[in-house]
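Chemist: with the sequence up front, the predicted model follows.
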Amino acid sequence: MTLLRVLVFSTSILLVYTLFANILPQVQSNPPAEEEPPVAGDLDQAGQIAWGEKLFKGKGTCTLCHNDLGRAPNLLAMDLNTVFADRLKDSRYDGAAKGLDGAKAIEAYIHESMISPSAYVVAGFGKKGSSDTVSPMPVISGPPISLSEAESNAVVAFLQDKGGFEVTVPLPSGGGDSAASSPDVTEEDGPAETAEAALEKFNCVACHDLLGSGGDVGPQLAGIGKRMSVAEIQTSILTPNAKIAEGFEPDTMPPDYKEQLRVSELQLIVDYLSTLAEPEVAQ
Amino acid sequence: MTMASRQFIKEDGVNVLKISQVAVFSAALLFWAAYFYTIDHAIMEGQGLPVAWTLMPK
Amino acid sequence: MDLDAEMMAFKFKVLLVGLIAGLIFLLPDLVMAADAVQAGGGDLLPAPKPTRADYLTVGGISSRTLVWGLAQMHLFLAAFVLAVPFFVLCIEFTGAVSKDQRYDAMAYEFMKISMAAYSFTALVGGGLAIAVFLLYPTLMGYLLKVFRGQTLIYAILFLGESVCLYIYFYSWQALRYGNRKWAHMSIGLILNTVGLTLMFVANAWASFMMSPAGVDPTGAITGTVWEATRNPLWNPLNLHRFLANIAYGGAIVGAYAAYRFLSVKTDELRAHYDWMGYTSNVIAIIGFLPLPFAGYWLMAEIYAYSQQMGITAMGGILAWLFIIQAVLIGTILLGANYYLWCGLGRSDRGQLYAPYVKYIAIVIIGGFLVWVTPHSLILTPQEIQALGGTHHKILGPLGIMPAKNIAVNLMLVFTFMSFQMFFRSSRVATVAWADKGNALVIALYTVGCLNIIGAGIYGYLTPTVYKVGASVPQVVTTLSIIIFCGVIDYFMFRGATKTKIFWGRMSTRSQYALFVLPVAFTWLMALMGYIRSSLRTHWHVYTIMKDNSPEAFIPTIGQAGNVITVITLAFMALILFIFWLSQLGATKQIEPLSDAKLEDA
């Protein structure tokens, strides 16, 4: 008899909790649907701005923090025209937009905020204890959000438009849409067998001083193995904008090597670079 | 708690609040206030949140 | 001289055993740290990207629900089986030091309950392993690559756990008194060390999936096993589970004691089980009080690792779950307190404290109501925009952190007050400074509560970073009150006159409070597990390996609640079976008188 009473009592409590869980607002969170990127020619600027807004409130998950709860500047409610201009005028600002003017500067600032959030942290929004030097914002081009170049540009377009600035980002085109495209590599070539062949195949020599090419668009890589770990070298190739070397600009190195390189080729290149000797010190 | 509360109630039918009891209690209040003020300040500073002597943000 | 030498020799042996236990604890870490061979020299392959076809479905059963159910059952049982030896050792130690034989008997009885649970834990664990390798082979293959040698260590530790557990239990009566008792406790210490290490190793896998370390952004294994183990959320999870296990174990054995209390017929047995119930409730409360602090640390580390993950938990789609959590914790605190208040009736002096109970009840219920109040209905990012962050104009401010922290800390302080009252109800202080001690205690509660409330109001007036930072002084205040009151009472009631406690003098109602505890705890644990797994959203390993299974979505709270209830009911049934088994072992059938004997008589 005791057993029965205890069972009924316990089950009733459980039913109360179950009922409570069922009467609350029910939300199912689905993984983000693969957004159909608009095909070039389909999208005009108005379309790009609308796409940017959709991304801002959707896949980009921007509104998770950029709202009225004080975690991040409430971009949708602020007067972006004055706000963005003020940010650039801040004496602490020393980022990508410095030296640029007008709408181009705004584009650079927004883009930088997305791929390198700690480059400039608005006062009061930094991570606890970092005195506004470290931003709690994630890198938008990397996981878990992973906005592509076209998507990032669309968000920039949306914000530029909202602030009443001229939209300066390019419309999305078919393939690469940033400063440089990686060379057309055909599959008939087959995988590169040596590091040197891989460096030539992917045209690294064009921008970096490798194999005697004298390229100086990108940083010197001699002795890089002493400055960076294997993992960091790999990241620099796969996600070039994750960390920009001092004195160089973002969006210079093609971002789509991760689609082009085979794992074996990547390994050859990384191994080669990590053992590349430092240059002889000339007197 | 019981013994202390009894002393606050009645003695010879009259409510007598001994001065010594009030003094002890006040001293205890001050002691704990000092303790909590010190740790509050230390904890906020220790978290990298600078505070003034009023404990408000600097 | 002879006796002293013997004692010294024995203490030496105990120390040695302790050292061995420590080494067992360290050994996996040393092996893992030495495993630097793979780093950098390995194949640097990125994490696999499973497609739909890589996920197996068996017989139309939802894979995710099956694994969820098995994992949760395993966690319930494992928490119980790990917690019991811990507080059993503490009780055994108390008995050995105080020479009160009742403690040893109770410790032995607790151990008996957990023995039957142990084989079920292993059984369900095995089922879980089969299910998870069958249904999610790509993920498990990757995790095995990451944790490599540690998996074998895990298996060896299980063997160690079994050996220690069986020796500990079966040698109880053989190693009963004097030096042998110390040997027995050393075995208990090794048992706990092995068990704790087991939990830490298992936790590493779970926390790796949430905050991966020792791998590069593509998932290639670039670090040692130790680096993968010591990921950002590992230690917060360790602490949280360690404390929660103790609270949970206490709650379950409390239910056992309550059930036996209501079933036995003699006064003596009723007294025994009443005392057991009281001890269990104390263990549950001791484990429970520091839990909010551990939970806060876990949340803070989640925020530090990824603000997005943190906001998903507290401000995003999972926010409502913390309201349900508030309901459950409110239930647990009310139940535990109600039991203590009923307990005041065990001593005649208890009546003196009865007038204060209503104030404690007001604070606890009031705190509970504040804690339950939601702030905003933040759901999906789209809905944040559409609703503009709605919250009730009057009740809204009660929904944010400063108010909730005031509520929770005050609830804990006043729960401790109930406990302190019960402690004092059977003791009359004989020290000369008793009234000064009381003044010190009352002042401590007063200033402490004002500090908690003040820090909360401070949160409304300061920027976000300071608001969050102000919650630490609140927790430290709560802990200070508990520790200092404990110390003051310890000294104040030394040599106190003890009035008689009539163990067994409890109402039937009070025992139901002891049933509420494990039921609420079990459901709460499952709910928290649902939150923890959902934080990963659609990732197997956060930011590294996407979940491409057909069930990559986070189920709604209602669906989750239904699954959780079913699992809880299954667990309750299993626990009842386990209780019944432990009693069955002690039952003896009386030999029937044969016909021949009857004829003689």
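Modeler: Received it, and whenever you're ready, just let me know what you need.
Chemist: can you list contacts of stretch C:461-478?
Modeler: Stretch C:461-478 is contacted by residues A:70-71, A:124, A:128, B:36, B:39-40, B:43-44, B:47, B:49, B:56-57, C:289, C:292-293, C:296, C:401-402, C:405-406, C:409, C:412-413, C:448, C:451-452, C:455-456, C:458-460 when judged by CB atoms under 8 Å, 6 or more residues apart in numbering or on different chains. C-beta coordinates here come from the backbone N, C-alpha and C atoms, glycine included.
Chemist: and it, end to end?
Modeler: Length of stretch C:461-478, first residue to last, CA to CA, to the nearest Å: 22 Å.
Chemist: list the buried residues in it.
Modeler: By 16 or more other CB atoms under 10 Å in any protein chain shown, the buried positions in stretch C:461-478 come out as C:462, C:464-478.
Chemist: in strands only, show me those.
Modeler: Counting by DSSP state E, those place none of their members in strands.
Chemist: can you flag which of the residues you listed belong to helices?
Modeler: Among those, the members falling in helices are C:464-469, C:471-478 (criterion: DSSP state H).
Chemist: doesn't residue C:116 make contact with residue C:77?
Modeler: No. Under the criterion of CB atoms under 8 Å, residue C:77 makes no contact with residue C:116, lying 10.5 Å away.
Chemist: OK, contacts around residue A:94?
Modeler: Counting by CB under 8 Å, 6+ apart, residue A:94 has contacts residue A:120.
Chemist: kindly report the same for residue C:338.
Modeler: C:510, C:513.
Chemist: ok, it to residue C:368 distance?
Modeler: Here the criterion is CB to CB, to the nearest Å. By it, residue C:338 lies 13 Å from residue C:368.
Chemist: one more: residue B:53?
Modeler: 36 Å.
Chemist: and for residue A:65?
Modeler: Taking CB to CB, one finds residue A:65 at 30 Å from residue C:368.
Chemist: cool, and residue C:425?
Modeler: Distance of residue C:425 to residue C:368, given as CB to CB: 25 Å.
Chemist: who's more crowded, the two?
Modeler: Using other CB atoms under 10 Å in any protein chain shown as the criterion, residue C:425 and residue C:368 rank with residue C:425 on top: 23 against 19.
Chemist: for residue C:570, see how far away the residue lying closest to the more buried one once chain neighbours are set aside is.
Modeler: Nearest residue to residue C:425, sequence neighbours excluded (CB to CB, 6 or more residues apart in numbering or on different chains): residue C:350, at 4.3 Å. Using CB to CB, residue C:350 is found at 39 Å from residue C:570.
Chemist: more neighbours: the two, which one.
Modeler: Between residue C:350 and residue C:570, counted using other CB under 10 Å, residue C:350 has the larger neighbour count: 22 against 14.
Chemist: these two touch, right, the more buried one and residue C:340?
Modeler: No. Counting by CB under 8 Å, residue C:350 does not reach residue C:340; the two are 10.5 Å apart.
Chemist: got any residues that touch both of these two?
Modeler: With CB under 8 Å, 6+ apart as the test, residue C:350 and residue C:340 both reach residue C:422.
Chemist: now for the residue nearest the centre of chain C: which residues touch it?
Modeler: With distances taken as CA atoms, centre = their mean, the residue of chain C nearest its centroid is residue C:244 (1.3 Å). Residues in contact with residue C:244 (CB under 8 Å, 6+ apart) are C:79, C:287, C:291, C:294, C:525.
Chemist: now the strands for chain A?
Modeler: Under DSSP E, chain A gives no strands.
Chemist: what's the longest helix in it?
Modeler: Per DSSP H, chain A has its longest helix at helix A:2-23.
Chemist: and that helix, what other elements does it pack with?
Modeler: Applying 3 or more CB pairs under 8 Å, 6 or more residues apart in numbering or on different chains; DSSP states H and E, we find helix A:2-23 packed against helix C:234-263, helix C:319-343, helix C:508-534, helix C:557-584.
Chemist: so what touches that helix?
Modeler: Looking at what lies outside helix A:2-23 - CB under 8 Å, 6+ apart - the contacts are C:259, C:262-263, C:324, C:327-328, C:331, C:512, C:515-516, C:519-520, C:523, C:557-558, C:560-562, C:564-565, C:568-569, C:572, C:576.
Chemist: tell me who's in contact with residue C:488.
Modeler: Residues counted as contacts of residue C:488 (CB under 8 Å, 6+ apart) are C:437, C:440, C:441, C:444.
Chemist: swap that for residue A:136, sorry
Modeler: Residue A:136 touches A:65, A:71, A:125, A:126, A:127, C:303, C:307, counting by CB under 8 Å, 6+ apart.
Chemist: got phi/psi on it?
Modeler: Backbone dihedrals for residue A:136, given as degrees, to the nearest 10, come out at phi -80, psi 0.
Chemist: same deal with the one 10 residues further on?
Modeler: Main-chain dihedrals, residue A:146, degrees, to the nearest 10: phi 50, psi 60.
Chemist: counting neighbours, what do you get for it?
Modeler: What residue A:146 shows, counting by other CB under 10 Å, is a neighbour count of 16.
Chemist: mind checking how far residue C:423 is from chain B?
Modeler: Separation of residue C:423 from chain B (CB to the nearest CB, to the nearest Å) stands at 11 Å.
Chemist: go on, residue C:588?
Modeler: Distance, residue C:588 to chain B, by CB to the nearest CB: 48 Å.
Chemist: grab the longest helix from chain B for me.
Modeler: Chain B, longest helix under DSSP H: helix B:19-46.
Chemist: look at residue 191 and report its pLDDT.
Modeler: No chain in the question, so chain A it is. Listed pLDDT for residue A:191 reads 73.
Chemist: should've been chain C
Modeler: Looking at residue C:191, its pLDDT reads 93.
Chemist: now for the helix or strand containing it, which elements pack on it?
Modeler: Here residue C:191 sits within helix C:178-210, counting by DSSP states H and E. Packing partners of helix C:178-210 (3+ CB pairs under 8 Å, 6+ apart): helix C:2-34, helix C:63-98, helix C:137-147, helix C:150-170, helix C:225-229, helix C:234-263, strand C:539-541.
Chemist: including distance to residue A:171 and mean pLDDT, could these go into TSV?
Modeler: Putting the helices and strands packed on helix C:178-210 into TSV (distance: least, CB to CB, whole Å; pLDDT from 0 to 100) gives the following:
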stretch	distance to residue A:171	mean pLDDT
helix C:2-34	52	71
helix C:63-98	41	94
helix C:137-147	38	92
helix C:150-170	51	92
helix C:225-229	44	90
helix C:234-263	46	93
strand C:539-541	32	92
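Chemist: picking that back up, in the longest helix of chain B, what's buried?
Modeler: B:21, B:24, B:25, B:28, B:29, B:32, B:35, B:36, B:39, B:40, B:43, B:44.
Chemist: not counting its neighbours along the chain, what's nearest the last one?
Modeler: For residue B:44, ignoring the flanking residues on the chain, the nearest one in space by CB to CB, 6+ apart is residue B:51 at 4.7 Å.
Chemist: wait, isn't residue A:71 in contact with residue C:311?
Modeler: Yes. Counting by CB under 8 Å, residue A:71 touches residue C:311, with 7.0 Å between them.
Chemist: no further queries at this time; thank you.
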